[in-house]
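*Asks:* no FASTA, just this:
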């Protein structure tokens, strides 16, 4: 690990620097997803016909993915718990479980999208599908990014290095989970 | 670490979240509009709160973090409030969106046909 | 926490030793905040030259239609649009933001907060690298088939969304990608700035001991982070519209072009304050130093700035009054827009009150700071006309609007930057700038600036539309009287650009052979002046400063010196 400047070790606000920065990251993510989902919602409320398009989404796949993400959030918080007790190996194992959840999520998504595209519902079909693929795609990108970062952190965990980062990636992961908690009813349930 | 943050606590929260998920999937099956909205979105808010408070530990975090996130969230409501009067309507005082009206009408008609075919 | 800091400080600092660095690690991959600040500043200045050159090319076309412009050639209609678009884009995203926020933020936050670096030095470096990449990507758009994007810096769809309208199939996508990359760079930078200022202040530095310029840069970064999200989402949607055939913004296929305007201006208006606040902060510090007085009502400045920040999120639709927005909302946005002039006016009064009965030195930085106040007032006052939806119906998209926002952005981006550069030059490079050349440059910039834009107010009131390539095609705008005014503005621009040579001569001469700067040439209180010029790696030598008082304790009764450094024990 590279040498850290003194600045990084201070915590005037009482929140450790890494965690404070993560809150800012999540704050700026809130506005990114907020802008997109807000735009979707206002379109959805005027385009009553979108209910018909939304009927073609697979609620069961969405519900299963919600379950996957909720469970992976659980393993992420358990990883944090282990890390805060100094058990890097256990934290790494929980992180791998979380990564597995992320991978499963993306895999389900891939199957689901393949099916929908085969039925002819592509991103350029109409505005509903454009929002559907854009919002879920942006979210899936966050899932993939989270899995990659978790992989890097879990390697360091095995060496018991920088265990505080488990909490940071955990917070990010819970946020990704939170976005999906709203995407699920917005895209799948409201018909 | 207090008991409040032990693995058992997290698993309890997770179990509640899964139960809520089941409700949010089953609720809309009755096809009652109000019930759908309440179960789908009301429960989403509850779930979001539980994840943020317990898994992200916002319950025990310094208030500053909550302020940061709340500020961003409030600005999003502001964005929605300022933008939706234009986007959410097909016509207003001296303006209308003929193209969009036609699309909605066509889509609804097409949807009626599909629904009948499905059921 | 606070108690444990000194021990940690000393320990970590041992690793901070000086060692010979290769060229690459010193200039390309440096994580030192001062080096990154320099990189941002010089990149910003280079981009300013490009943006200025664009302005020269299209102003020549307006004054002398069809002319063979030296160094450019004939300006075609498509080129004219691309030049205007990229002039605006560059000046805001690649000049004002990197210099005012990134360069001064990077340089000043760690120094003024009394720490050795940013909290995330490598993230900081990544931020600059992405920024540099974004600049390269933007310039590359001039060399692709179809040329650079010409749909104005606001990129309204459907013009920007479909190649059959914009005629720049690649240029418009590259433009969006460049802007998005730039946002990523500033999100990374902004998180770094905010976290550093919140968490890493020197021991003893409370919230109200932070210099105003740091407050302003931090609030500006927060504004940026909280407002840019919808536009990032919008940029994704726009790129999909351009490349994948979606129809987010195509009204005939279920989209809504007004949505883009909202997404854009929800960011675009706070963005004005994102660049304004650092410039206000820079001038505040300069005014306090050169009038040897405490800032008048320091806490009021902070509260006012917070109010400005919050209000800046509530005014965005005043850019869209004639775009077909809901008229009821137009009322709301008129009211909020006129409201925001209250805190800004209050800040101006605070600055004037700071000057009142001060012992004022009219040095070059002080001249720039005073000019900022005066010129920005003109920009603010003309904004009242445009903020009122009734008057805006007439003024919208005329040169009145153009002159108005140049009267805000020029003081911000150019005058504010020169104020900051001339003030902190001794600290940055360890040498004093030449005052005579500095003053020649000052008058040679500010007078022509007014000569360019005051006439444009009159052209705008005369009904001259903004986005016209050749006024000869419009009989009611092609009269000799109006053309003479256009020529006058263009000649003034040439004079102003010529005077910038004086600045570069001064800059390079001072850098090579200027008088050696002492640690604290302006006898200022803030922490950056209490360390050698230029500061060493790690900023404060072996012992990190402790702060005992606020940043503006000038002329304290009973003290021999008229200044009282923040870190001097009492």
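*Replies:* Structure received. This is a predicted model, so every value here is computed, not measured.

*Asks:* CA only for contacts and neighbour counts going forward, please
*Replies:* OK.

*Asks:* Excluding residues flanking it in the chain, which one is nearest the residue nearest the centre of chain B?
*Replies:* Centroid check for chain B by CA atoms, centre = their mean gives residue B:41 as the closest residue, at 4.2 Å. Nearest residue to residue B:41, sequence neighbours excluded (CA to CA, 6 or more residues apart in numbering or on different chains): residue A:185, at 6.6 Å.

*Asks:* thought that neighbour was touching residue B:40?
*Replies:* Yes - Residue A:185 is in contact with residue B:40 according to CA atoms under 8 Å; the separation is 5.4 Å.

*Asks:* Strands of chain B, start to end?
*Replies:* Counting by DSSP state E, chain B has strands at residues B:91-92, B:95-96.

*Asks:* Reformat those strands as TSV; add mean neighbour count and mean pLDDT.
*Replies:* Below are those laid out as TSV (neighbours: other CA atoms under 10 Å in any protein chain shown; pLDDT from 0 to 100):
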stretch	mean neighbour count	mean pLDDT
strand B:91-92	14	78
strand B:95-96	12	78
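
*Asks:* Of these, give the one that comes closest to residue C:368.
*Replies:* strand B:95-96 (47.6 Å; CA to CA).

*Asks:* quick one, helices of chain A?
*Replies:* A:6-9, A:17-46, A:50-54, A:59-84, A:88-118, A:127-158, A:164-184 (DSSP state H).

*Asks:* Need these in a markdown table (columns: mean neighbour count, distance to chain C and mean pLDDT).
*Replies:* What follows is the helices of chain A, written out as a markdown table (neighbours: other CA atoms under 10 Å in any protein chain shown; distance: least, CA to the nearest CA, whole Å; pLDDT from 0 to 100):
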| stretch | mean neighbour count | distance to chain C | mean pLDDT |
| --- | --- | --- | --- |
| helix A:6-9 | 23 | 4 | 88 |
| helix A:17-46 | 22 | 4 | 95 |
| helix A:50-54 | 20 | 11 | 89 |
| helix A:59-84 | 23 | 18 | 95 |
| helix A:88-118 | 19 | 14 | 96 |
| helix A:127-158 | 19 | 6 | 96 |
| helix A:164-184 | 23 | 14 | 96 |
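
*Asks:* Any stretches of chain B with poor pLDDT?
*Replies:* For chain B, the stretches with pLDDT under 70 are B:1-5, B:93, B:111-119.

*Asks:* Measure how far the longest helix along it is from the centre of its chain, please.
*Replies:* Ranked by number of residues, the top helix in chain B under DSSP H is helix B:63-87. Here the centre of helix B:63-87 is set off from its chain's centre by 15 Å, with CA atoms, centre = their mean, to the nearest Å.

*Asks:* Tell me who's in contact with the residue nearest to residue A:13 when sequence neighbours are not counted.
*Replies:* Closest residue to residue A:13 in three dimensions, ignoring its sequence neighbours and counting by CA to CA, 6+ apart: residue C:199, at 5.5 Å. Taking CA atoms under 8 Å, 6 or more residues apart in numbering or on different chains as the contact definition, residue C:199 lies against A:10, A:11, A:12, A:13, A:14, A:15, A:16, A:17.

*Asks:* what do you get for residue C:188?
*Replies:* Contacts for residue C:188 (CA under 8 Å, 6+ apart) come out as C:123, C:124, C:127.

*Asks:* ditto for residue A:46
*Replies:* Counting by CA under 8 Å, 6+ apart, residue A:46 touches B:87, B:88, B:89, B:90.
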